[in-house]
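Undergrad: just coords:
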């Protein structure tokens, strides 16, 4: 009995046999999924909406509406959390059988804090993206300036071309999302 290291390719690879010569010969990709779908027995949706606390069956402790002062409400919930922890410690010392209500109160405060923090995630993602793009622009300008300085010194065209190639390679990496190579590595000889 013969065995192979790798299994044979799936049969649909034949649909792409002419792809190098004619990229239009390949079948079109399936349309993106919209709305709810099932995956491993669980129902998911493509809508990126944070469900409200009421939809999750949790009482909301901060005011409803879109004009919520996140900083003020988080500070308020944090103070309430500290107070409830002290109350829990007091209850555990004096009336240990009544601790369950205090633990539920702590759980409610934590859920409200997490919901407030999760509603700030889109703003955090946008700010992070802006910061990464600003770093890219700054790094590219610095690399261009370094190449110009080296070329003005008369460093030779072959070395300047090597540096330019290295710079272009980092631009390609940045465009494909390789964020772990943020350091600028231009070598001088």
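TA: Great, that's in hand. Small disclaimer: the values here were computed from a predicted structure and weren't measured.
Undergrad: Please tell me how far the residue sitting nearest the centre point of the chain sits from residue 17.
TA: With distances taken as CA atoms, centre = their mean, the residue of the chain nearest its centroid is residue 125 (6.9 Å). Going from residue 125 to residue 17 by CB to CB, to the nearest Å gives 41 Å. Placement of C-beta: from N, CA and C, glycine included.
Undergrad: re the thing from before, which element is the residue nearest to the centre of the chain on?
TA: helix 121-152 (DSSP states H and E).
Undergrad: which helices and strands sit right next to that helix?
TA: In this structure, helix 121-152 packs against helix 157-175, with contacts taken as 3 or more CB pairs under 8 Å, 6 or more residues apart in numbering; DSSP states H and E.
Undergrad: any idea of the mean pLDDT in the helix it packs on?
TA: Per-region confidence: helix 157-175 scores 57 on mean pLDDT.
Undergrad: start the count at 26, not 1, going forward
TA: Sure, I'll start numbering at 26, so the last one becomes helix 182-200.
Undergrad: Surely residue 69 is in a strand?
TA: Yes: residue state for residue 69 (DSSP: H, G, I helix; E, B strand; the rest coil) corresponds to a strand.
Undergrad: Quick check: it touching residue 61?
TA: Yes: at 6.9 Å, residue 69 and residue 61 qualify as touching, with contact defined as CB atoms under 8 Å.
Undergrad: ok so, going back, next, the buried residues of the helix holding residue 150.
TA: Neighbour-count burial for helix 146-177 flags 161, 164, 168, 172, 175 (criterion: 16 or more other CB atoms under 10 Å).
Undergrad: just stretch 32-49 next, same as before
TA: In stretch 32-49, counting by 16+ other CB under 10 Å, buried: nothing.
Undergrad: Quote the end-to-end distance of it.
TA: 28 Å (CA to CA, to the nearest Å).
Undergrad: what's that stretch in contact with?
TA: Stretch 32-49 is contacted from outside by 50, 51, 52, using CB atoms under 8 Å, 6 or more residues apart in numbering.
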